[in-house]
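Engineer: output the structure for:
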Amino acid sequence: MKFYDLDLQSKLSDGESTVAELIESAERFGFSGIVICDKPENLRQLKEMIEIAKPKIEVYAGVKIEAKDANEMRNVVNRVREDATIVIVSGGNYEINRAACENPKVDILAHPEKGRIEGGLDDVCINMAAKNNVAIEVNFRELLYTYRRNRAYNLTHIAKNIELCKELGASMVICSGAKGKWDMRDPRELIAMGNVLGMELDKAFAAASTVPQLIIERNKAKLEGRMVTEGVEVVG
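Structural biologist: Numbering: from 1, shown residues only. Sure, this is the predicted structure:
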């Protein structure tokens, strides 16, 4: 089984480790592939650094968008979509959460519960996410670096969002959200976390393996011009 972590950040944005250090750690943990998602303005440099690192695993350049409001988020998504393998929207604000779920150009909504006293998602958001193939992220970092009441809130809200996704058929991915090599985790630890928070074990495995693999393969087909429309791909 192949394992993927789709939400890592390097020193090119808010991270603490170099691109090469993240790749080395991912190889050591046994990942088949990772996506390093840095700021939009650093995308070209990120691609160059991945190429220089000569990784032994699949490594893709993505973008993690931190926007002030939904309009800014949409504008940035439109600007980077044709160049980034993965587009992640940093969630927390409800309007941004909802706009991300409504946008088929977004791949992942990260930590929708961040900084909230509730989960940040409702039936409308989850239904739109399912319709538009926007995966909802379970982010390990949001548990690792929160304490006491905030951690309790996050545990409760993530579990609620998992239940909503299960009921309404939205995809989920489990990511470390690492901003440095020391934040990264073995994929089986991430799967165990998802299971503890309410995912059935097979769904937790899928959230770290087949779901992210499908997102990557679908986007590669689009970027390479092999996908004519959703579900129709040029072969041969």
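
Engineer: quick one: buried residues of stretch 5-19?
Structural biologist: 5-13, 15, 17-19 (16 or more other Cβ atoms under 10 Å). Quick note: C-beta positions are derived from backbone N, CA and C, even for glycine.

Engineer: looking at those residues, which one is closest to Val211?
Structural biologist: Leu6 (9.3 Å; Cβ to Cβ).

Engineer: burial count for the closest residue to the closest one other than its chain neighbours?
Structural biologist: Among residues not flanking Leu6 along the chain, Val35 sits closest, at 4.4 Å (Cβ to Cβ, 6 or more residues apart in numbering). For Val35, the neighbour count with other Cβ atoms under 10 Å is 27.

Engineer: then Ala99?
Structural biologist: Number of residues near Ala99 (other Cβ under 10 Å) recorded here: 23.

Engineer: quickly find the element holding it.
Structural biologist: Assessed by DSSP states H and E, Ala99 sits inside helix 94-101.

Engineer: mean confidence for that helix?
Structural biologist: Across helix 94-101, the average pLDDT comes to 97.

Engineer: who does that helix touch, helix- and strand-wise?
Structural biologist: Using 3 or more Cβ pairs under 8 Å, 6 or more residues apart in numbering; DSSP states H and E, the elements in contact with helix 94-101 are helix 70-80, strand 86-90, strand 108-110, helix 123-132.

Engineer: deepest of those, which one?
Structural biologist: Ranked by mean neighbour count, the helices and strands packed on helix 94-101 are led by strand 108-110 with a mean of 28 (mean count of other Cβ atoms under 10 Å).

Engineer: relative to that strand, what are the paired strands and their orientations?
Structural biologist: strand 86-90 (parallel), strand 135-139 (parallel) (DSSP bridges).

Engineer: can I get the helix of greatest length in the chain in PDB? Just the C-alpha atoms.
Structural biologist: For the chain, the longest helix by residue count, based on DSSP state H, is helix 148-168. Extracted C-alpha coordinates of helix 148-168, given in PDB (Å, rounded to 0.1, in the frame of the first residue of the first chain):
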ATOM      1  CA  ARG A 148      -5.900  22.000  27.300                       C
ATOM      2  CA  ARG A 149      -9.300  23.500  26.300                       C
ATOM      3  CA  ASN A 150      -8.200  24.200  22.700                       C
ATOM      4  CA  ARG A 151      -7.000  20.700  22.200                       C
ATOM      5  CA  ALA A 152     -10.300  19.400  23.600                       C
ATOM      6  CA  TYR A 153     -12.200  21.600  21.200                       C
ATOM      7  CA  ASN A 154     -10.200  20.400  18.300                       C
ATOM      8  CA  LEU A 155     -10.700  16.800  19.200                       C
ATOM      9  CA  THR A 156     -14.400  17.200  19.400                       C
ATOM     10  CA  HIS A 157     -14.700  19.300  16.200                       C
ATOM     11  CA  ILE A 158     -12.500  17.000  14.100                       C
ATOM     12  CA  ALA A 159     -14.600  14.000  15.300                       C
ATOM     13  CA  LYS A 160     -17.800  15.800  14.400                       C
ATOM     14  CA  ASN A 161     -16.500  16.700  10.900                       C
ATOM     15  CA  ILE A 162     -15.400  13.100  10.400                       C
ATOM     16  CA  GLU A 163     -19.000  12.000  11.200                       C
ATOM     17  CA  LEU A 164     -20.500  14.500   8.800                       C
ATOM     18  CA  CYS A 165     -18.200  13.400   6.000                       C
ATOM     19  CA  LYS A 166     -19.100   9.800   6.700                       C
ATOM     20  CA  GLU A 167     -22.800  10.600   6.600                       C
ATOM     21  CA  LEU A 168     -22.700  12.800   3.500                       C
END
